[in-house]
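Trainee: quick one: sequence plus predicted model below, questions after.
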2 protein chains.
Amino acid sequence: MICRVNLTRGTITTEPVPAAWQGLGGRALTSAIIAAEVPPTADPLGPANRLVLAPGLLGGTIASSSGRLSVGGKSPLTGGIKESNVGGLPGAALARLGVTALVVEGQAASGQWFTLEVTPAGVGLLDATHLVGQTIYETVARLRSGRSRRTAVLAIGPAGEMRLSAAAIGVTDLDGVPARHAARGGLGAVMGAKGLKAIVVDDSGSDPVPLADAGLFRQTTRRFAQALREHPSTGKSLPVYGTSVLVNVINELGGLPTRNFRSGVFEKAEHISGEALHDLIVARGGQTTHPCMPGCVIRCSNVFPDENGKEQTRGFEYESIVLLGANCGIGDLDVIARMNHLCDEYGLDTIETGDTLAVAMEAGLADFGDGERAIALIEEIGAGTPLGRVLGHGAAVTGRVFGVSHVPVVKGQGLSAYDPRALKGTGVTYATSPMGADHTAGNALPGTVLPGVGKLDTTQREHQVDLSRYLQKLAVIFDSVGLCWFTRGPILADNSLLLDMLKGRLGREFSMDDLWTMGRETLRRELAFNRAAGFGPQDDRLPDFFLTEPLPPRGLTFDIGDDELRETLAGLD
Amino acid sequence: MICRVNLTRGTITTEPVPAAWQGLGGRALTSAIIAAEVPPTADPLGPANRLVLAPGLLGGTIASSSGRLSVGGKSPLTGGIKESNVGGLPGAALARLGVTALVVEGQAASGQWFTLEVTPAGVGLLDATHLVGQTIYETVARLRSGRSRRTAVLAIGPAGEMRLSAAAIGVTDLDGVPARHAARGGLGAVMGAKGLKAIVVDDSGSDPVPLADAGLFRQTTRRFAQALREHPSTGKSLPVYGTSVLVNVINELGGLPTRNFRSGVFEKAEHISGEALHDLIVARGGQTTHPCMPGCVIRCSNVFPDENGKEQTRGFEYESIVLLGANCGIGDLDVIARMNHLCDEYGLDTIETGDTLAVAMEAGLADFGDGERAIALIEEIGAGTPLGRVLGHGAAVTGRVFGVSHVPVVKGQGLSAYDPRALKGTGVTYATSPMGADHTAGNALPGTVLPGVGKLDTTQREHQVDLSRYLQKLAVIFDSVGLCWFTRGPILADNSLLLDMLKGRLGREFSMDDLWTMGRETLRRELAFNRAAGFGPQDDRLPDFFLTEPLPPRGLTFDIGDDELRETLAGLD
C-alpha cells in the first residue's frame, strides 16, 4: 500500500499501489512518485515538495543485504530530484508492515514538530515539541525507550531542523544506533521543513512478507549467501577491512581527494587506511565486522572505540574517513572519528561536510590538518551560528560566501571521495547523474568490468562514458530491488540469483531486460524532472579546475569533453 | 579605440574599434564584447570574466544627461550577463579620452592590488596595496588628492575586495564625491576579483569629442535642453523632489515594497516621501537639486545633511529609500540616510542590501523597523564577519542560509522598489530581462504609454507583456546612446532630438528603426549568452509567493502566466 501523511492537515491515508507503480520499488518508485506529484519548480523546503520512503522489491525478506531503503524528494542542495539510499532497519520493517511507499506531504505550521509512528496497530502523528533541538542520538534514545528492541527510527538532528542543505536523515542499525544515513542531497532539511522530527517504525508482531514461491526463494537466498561468502570482495576484504579497504587502493592510484582535491595522494594515507582502522579497532576491542541490517552476509561496517575502549562512532566508512580526513589534511583516525560522530549527532552528510571543511580551509577559516579547529567548525554548524549555517549548506554555498572558486561540486553537491581526474568513469557519473556528484549513482572503481570491453584503466578516458552509462542504470536496479550495491559481484556473475529471488518473492518473471528497462525509465524520468526544474547541458559538467589543473602526483586532468558528457544519458530520450 | 588592461600579465594595449562593434556604445557595446569574449560558463570571479566600461554614443558631448556609463561583465549575483548603468563623471571623461571601451581582463596574483590610471598622457597600472581595506570615500579622497578637480574615480570598497555578490562600484559625481554607483549584479566583486581597487580617469587637457556637424549638434542639444525644461517630469517634479517623488505615487498605488514585500502600503510613507525629503533638506540647508554630471538640465539628485547641517549622504534616491526604509519597516529618513551612506562607504548595492536586510529580518536577525540593528548588520558586512559575508552576497544567499523561502529575487537578484503585483509590466521585466530583476531594464511606471494602446493600468495584466518588451528594447537604446532614462519623455515625443544629436555627433544617419534593431540585437545577444550559461524558461519567472499571496491592501497577485512570460522576448529569436 501507499501510505500518505499530510503535515498541513495532520491526516494519514492509505491507498492501494496504483497500476502505474506496480512492480516498482526503491528508487524506481520514489522517483516515479516525485516526478508525478512534485512540481519541478517547487521550493524544496515548501509544502509542495514530498519526502518519499520506499523499500526495495526484496525488502523485508531474509535475502542477505536486501533491506536498503530509498528516500526521495526534490533536493534543496541540488535543486533536482534526489534519491538517497540507506541501510539499517527501517527498509525491511516498512516492507514487513506492507508499506510500499510512505509519502510525506505538506508542511506543519511554523514551530510545530511531529513524530510519525508506523506500527502494525496503525500509523499516527505524535507531538515532538519536546524533541526539538536534540541530536539524533538523543532523539533516538528517547523514542526507542521502552519499545521493542527491533524498533527502527529515522530522525533528523539540529541540521535538519535548521533546514541546512547538508542535513542528513539518521537511521538506526540493528543495535538501534543511528549510525546509518540517508545523507546526500539535504533530504534531512526536507524532513525538517515538513515539521517531521522522526519516524518510528516498529514491525513487532507483523507477518513475514509473503513469498509467491517460498521454496524457490529460500533456495535462491541460500545460493546468494553462499556466492557472497565466496566472492573475494564480499567474502574477504569487506568483512575484514570494511569500505576503508579502498583508502590504499585509491591513494596508490593517485585519486584520493587530499586538501580540497589539490592532490591525489595523501602522505598520511596509511594512518587512515582500512588496514590501520582494522588494527586499531582490534587493539581497542571494537568490532571490525558489523552488519547494518540483520542477516547481512557482508557485514562491512564497524564499531570504533576510543582509546579507552568506549564506543566513539560506528559506520565509520571510506567516504567519511577520506573527506573528513585526507581532504582536510587530517591523518588521525581518532580526530576523524570525533568529526564523524559529531556529524551523526547533528545529522550532517559527512561527504558534504568534508568537502565543505576543506573549502573553508581554503578560505583561511582553518589550516589544513588542524583537527581541533575542524571539530570546532562542525560544532558551529550544530550551534547554528551564522558561520555554522553557511557551512551547513555545503561546499557550494561556503565557496560562494567566502569567495573560493576551487569548489568540488556538481549541481551544487560536493564530490565523493574519488578524484575524477584519476577515476574518470566516476567523474562522468558525477557530471551527468541526475543526482549531482554522487558515487552511489554509478561508481566506476578500479576493476569494474564494462560488458563487451572488460576492465578499464580508470585514469584513461576510453569507454568511460559507456561505463558510466552502464553503471548508472545498474545502480538504479540495485537501489530499486533493495539490494546493497556491494552484492553486485555475485549477481552480475549469475543473474539468476536476482531473477529467482524476485520470482520467489513476487511470483513474477523478471528478465534482465525488464530490469534494464526499469533503470532506463527511472533515469529518463529523473532527467525530465531536472530539465523541467531548469537544468541544462551546462549543469552536466565538472568544475573547470578538474579540466585545467593537473592532479599531483600523476598530472592527470579530466579530459572527457562536454560533448561526450552530453551523450552519456542522451540515448535514454 | 578599445583599451585593454590585462591584470594577469600587467599589460595595457589599445586597438581600433573592430568593424563589428562600430556604431555601438554603452550597453550594446559592453554586451557585444562580453558575449564575444567571455565563455558563458566562466567563473564570474575568475580570470576569464571581463569587466567592460563603455560610454554611450553621445558620451563626452555637451548634450544634457549624456554621460551615462555602461559597466558590463558576467554577474556573480545572477550568473548571467550584466550591464550596470551609472552617471557621474567618468562616462564623459572616457569618451573625451577617446576610449570607446575599456576592457579589464585576467586576474592579478592573489594579494596584489592595482589602480588603473587613464589620462591624456596614457594608461597605466599603479600599485594600490596601500588602499586595501579602505572605504570608497577614503579611497577616492586619496586618489583625487592633488589632482585636477575634474578627475573622475571609480572604486570598490571592502565589499568588492571581499568579492561579495552585492558589491557595487562607486563613481564620483561632479563634486568628486563617490555617490553614484554601478550597483547592480555584483560587478564590484568582478572588479575586486581582478585585483583592481580603482580606476582614475582624468581628461584634463583632452580635446572635446569631435562633432561631425557641430552646427546641427549644438542646435539640437539646445532644443533637447529646452524640451527637458518644459516637460512636467524633467522640468518640474524631478528637479524639485528628485526620484523620491515616486514614494507617494507607488504607495498610493499599493505597490510600495514594505516589510519584505508583504504589504504594498507603508504606514510611514509620508515620512520618507519626496516631499518630506525635500522639506527636510531645505530646512537643514542641503541641496534638493543636484546634478550628477555637468550640464544636466534635470538635476534630480540631492545632498542630504544631518540634523547639524553636515552632509550625511548624497544621491539619496527612491530605490534606496524604499528598500532600506519601507521594505525594512524603517520610516526615519535620518536612519535610512546613515544606512545609505554606509552602503556607499563599503560599496554595496542599496537595492540588494535593502532586500537582504528585510530577508534577514524575516529570519529573525532583527525586528522590522529596528534601524539601529539594521545599521549594525550593514556594519557586519563591512567588517566581513561570517554573518556579514552572507548578507553581502544578497537576498538569495541570505534566504538560503537562514532558511527563508519568502525571498524577492529573480535569477538570484533582488527586486527593485516596485511590487510586481501592483506594477505588472515591471514584474514582466523582472521575470524576463536577461539582467535579472532590475527596474532599469524596462520599468513600467504608472502613466507609461504603450504605442498604439496608450496608458495602461499597472495593476491589470492586459498588454503588460507587450509593454515590457517595448520598454526593454527602449532601455537598451537609452543605455547605449548614453542618455539618462529620464530624458525619454521629450525624446519619445520628438525622435528627431535623438536622431539629430547622433547625426551631429557621428555624421551617420540613424533611423529609429536602426535603434530598435540595436535594442533587439543586444537583447538577443544577452539572452543567447544566458542560455549558454545555463538559463532556461524556468528562470524567467517570479518567486511563487507573488503568484499566490495577495498583496495587502488591494489583494493583487501577479497573474501573468509562465507561458505569456516566455513569449515576452521569444519574438527576438
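Mentor: Received it, and whenever you're ready, just let me know what you need.

Trainee: may I have the phi/psi pair for A:A166?
Mentor: Taking degrees, to the nearest 10, you get phi -100, psi 10 for the backbone angles of A:A166.

Trainee: could you find the closest non-adjacent residue to it?
Mentor: A:E352 (4.1 Å; C-beta to C-beta, 6 or more residues apart in numbering or on different chains). Backbone N, C-alpha and C define where each C-beta goes, glycine included.

Trainee: for that neighbour, give its distance to chain B.
Mentor: 15 Å (C-beta to the nearest C-beta, to the nearest Å).

Trainee: helix, strand, or coil at that residue?
Mentor: helix (DSSP: H, G, I helix; E, B strand; the rest coil).

Trainee: so who does A:L89 touch?
Mentor: Going by C-beta atoms under 8 Å, 6 or more residues apart in numbering or on different chains, A:L89 touches A:67, A:150, A:152, A:171-174, A:201, A:293-294.

Trainee: again with A:R554
Mentor: By C-beta under 8 Å, 6+ apart, the contact list for A:R554 reads A:254, A:264, A:422, A:459.

Trainee: and the residues you listed, which two are furthest apart?
Mentor: A:G264 and A:T459 (9.8 Å; C-beta to C-beta).

Trainee: which one's more surrounded, these two?
Mentor: The residue with more neighbours, out of A:G264 and A:T459, is A:G264; 27 against 18, by other C-beta atoms under 10 Å in any protein chain shown.

Trainee: please name the nearest non-neighbouring residue to that one.
Mentor: Here the residue nearest A:G264, using C-beta to C-beta, 6+ apart, is A:G254, at 3.9 Å.

Trainee: burial of A:K236, as a residue count?
Mentor: Per other C-beta under 10 Å, the neighbour tally for A:K236 reads 13.

Trainee: what's the distance between it and chain B?
Mentor: 45 Å.

Trainee: angles on the backbone of that residue, please.
Mentor: The phi/psi pair for A:K236 (degrees, to the nearest 10) is phi -120, psi -70.

Trainee: so who does it touch?
Mentor: Residues near A:K236 by C-beta under 8 Å, 6+ apart: none.

Trainee: and the longest helix seen in chain A, C-alpha only, in PDB?
Mentor: Ordering each helix of chain A by length in residues (DSSP state H) puts helix A:512-533 first. Taking Å, rounded to 0.1, in the frame of the first residue of the first chain, the C-alpha atoms of helix A:512-533 are listed here in PDB:
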ATOM      1  CA  MET A 512      17.300  -8.700 -17.000                       C
ATOM      2  CA  ASP A 513      15.800  -6.700 -19.900                       C
ATOM      3  CA  ASP A 514      12.900  -5.800 -17.700                       C
ATOM      4  CA  LEU A 515      15.300  -4.600 -15.000                       C
ATOM      5  CA  TRP A 516      17.400  -2.600 -17.500                       C
ATOM      6  CA  THR A 517      14.200  -1.100 -18.800                       C
ATOM      7  CA  MET A 518      13.400   0.000 -15.200                       C
ATOM      8  CA  GLY A 519      16.800   1.500 -14.900                       C
ATOM      9  CA  ARG A 520      16.400   3.400 -18.100                       C
ATOM     10  CA  GLU A 521      12.900   4.500 -17.400                       C
ATOM     11  CA  THR A 522      13.800   5.800 -14.000                       C
ATOM     12  CA  LEU A 523      16.800   7.700 -15.200                       C
ATOM     13  CA  ARG A 524      14.700   9.200 -18.000                       C
ATOM     14  CA  ARG A 525      12.000  10.300 -15.500                       C
ATOM     15  CA  GLU A 526      14.700  11.900 -13.300                       C
ATOM     16  CA  LEU A 527      16.300  13.700 -16.100                       C
ATOM     17  CA  ALA A 528      13.000  15.000 -17.300                       C
ATOM     18  CA  PHE A 529      12.200  16.300 -13.800                       C
ATOM     19  CA  ASN A 530      15.500  18.100 -13.700                       C
ATOM     20  CA  ARG A 531      15.100  19.600 -17.100                       C
ATOM     21  CA  ALA A 532      11.700  21.000 -16.100                       C
ATOM     22  CA  ALA A 533      13.300  22.300 -12.900                       C
END
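
Trainee: after it, next one along is what?
Mentor: The element immediately downstream of helix A:512-533 (helix or strand, assigned by DSSP states H and E) is helix A:544-548.

Trainee: who in the stretch 101-250 of chain A is up against chain B?
Mentor: Listed as neighbours of chain B in the stretch 101-250 of chain A under the rule C-beta under 8 Å from any C-beta of the partner chain: A:162-165, A:193.

Trainee: quick one: classify the spatially closest residue to A:H341 that is not a sequence neighbour as helix, strand or coil.
Mentor: Nearest non-adjacent residue to A:H341, counting by C-beta to C-beta, 6+ apart: A:T313, 4.0 Å away. The three-state label given to A:T313 by three-state DSSP is strand.

Trainee: give me the beta-bridge partners of A:T313?
Mentor: A:F304 (DSSP bridges).

Trainee: in strands, which of the contacts of A:R554 fall?
Mentor: Using DSSP state E, no member of these sits in strands.

Trainee: go ahead and confirm the residue nearest to A:A166 touches A:L415.
Mentor: No: with contact defined as C-beta atoms under 8 Å, A:E352 does not reach A:L415; the gap is 9.7 Å.

Trainee: could you check how far the most far-flung residue of chain A relative to its centre is from chain B?
Mentor: Computed with C-alpha atoms, centre = their mean, the residue of chain A farthest from its C-alpha average is A:G215, at 33.1 Å. The spacing between A:G215 and chain B, counted by C-beta to the nearest C-beta, is 53 Å.

Trainee: A:R299 too?
Mentor: Distance, A:R299 to chain B, using C-beta to the nearest C-beta: 39 Å.
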